[in-house]
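Here is the input, now give the coordinates:
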Amino acid sequence: MNLFNMGPMELIFILVLALLIFGPRRLPELARDLGKAIRQFQQASQQLTGELTREVEEAQKQMDEAGKSITGTVTEVMTTATAELTEVGAAANQELKQAAAVVNEGLREAAAAASETPPTPAAVVEPVISPAPEVTSAGEAGPAVAPAASAGPTEASPDIAPVPEAPGEPARPAPEDATYNI
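Residues are numbered from 1 along each chain as shown. From the prediction side, this is the model:
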């Protein structure tokens, strides 16, 4: 028998000591009062445990209801947003189809008009790289590309003037064929 980590000899010693201190008449009253106190403590702890259990269950029910409410609201919002996005997507798709049809019709008309009139050789535009460097947004100098109409790649154009290399430098004469090899 091991009660409260005490052996039988220790328990007998405590009972003899209590008998000597309180006497044989008071000892049964003390045991009865101790039993009542233990019983009241157990009842109070059971009541407290019951109240806490009820509070926790009530809070759990409220949380479940709030979760269901939030889930319902989110589902409703998602359903509404999906329906609206589907409608907008269908309308945008229809508008894109109409725009594509208009563009295709314009391309057909342009192709038909282009096939009826032959292109003239003077209307061909070739890019010419000018010798003057341009400053880019990064501050670096680079070649400038300018379109120029030419009758052929080997003919010189009389209206091309010499262009300076950079600000403050003397102008160089234009080459005979008005193009530069880079």
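
Around Ala37, how many other residues sit close by?
For Ala37, the tally of surrounding residues (other CB atoms under 10 Å) stands at 10. Backbone N, C-alpha and C define where each C-beta goes, glycine included.

what helix or strand does it sit in?
helix 8-116 (DSSP states H and E).

What separation do you get for Asn93 and Glu87?
11 Å (CB to CB, to the nearest Å).

and if you look at Leu20?
For Leu20, the distance to Glu87 - CB to CB - is 95 Å.

ok, Gln60 to Gly72 distance?
19 Å.

Revised request: answer the last question for Ala44.
42 Å.

Could you do Ile21 as well?
The value you get for Ile21 to Gly72, if CB to CB is used, is 70 Å.

With Thr49 instead?
35 Å.

just Ala110 next, same as before
Counting by CB to CB, the gap from Ala110 to Gly72 is 56 Å.

what does Leu96 give?
36 Å.

Ok, Ala31 next?
Counting by CB to CB, the gap from Ala31 to Gly72 is 61 Å.

Now for Thr86, how many residues are close by?
10.

Return the residues in contact with it.
Shown in contact with Thr86 (CB atoms under 8 Å, 6 or more residues apart in numbering): no residues.

Retrieve the pLDDT associated with it.
Looking at Thr86, its pLDDT is 94.

cool, and Glu95?
93.

Let me know how buried it is, in neighbour terms.
Neighbour tally, Glu95, other CB under 10 Å: 10.

swap in the one 5 residues further on?
Applying other CB under 10 Å, we find 10 residues neighbouring Ala100.

One more: the one 3 residues further on?
Val103: 10 surrounding residues under other CB under 10 Å.

While we're on it, how confident is the model there?
pLDDT at Val103 comes out at 92.

And Leu19, by the same measure?
83.

Quick check: it touching Arg26?
No - the pair Leu19 / Arg26 is not scored as a contact, 9.5 Å apart, by CB atoms under 8 Å.

And Gly7, how far from Phe13?
When Gly7 is compared with Phe13 (using CB to CB), they lie 10 Å apart.

same question, Leu34
18 Å.

Over to Thr73?
In terms of CB to CB, Thr73 sits 70 Å off from Phe13.

swap in Ala92?
Counting by CB to CB, the gap from Ala92 to Phe13 is 94 Å.
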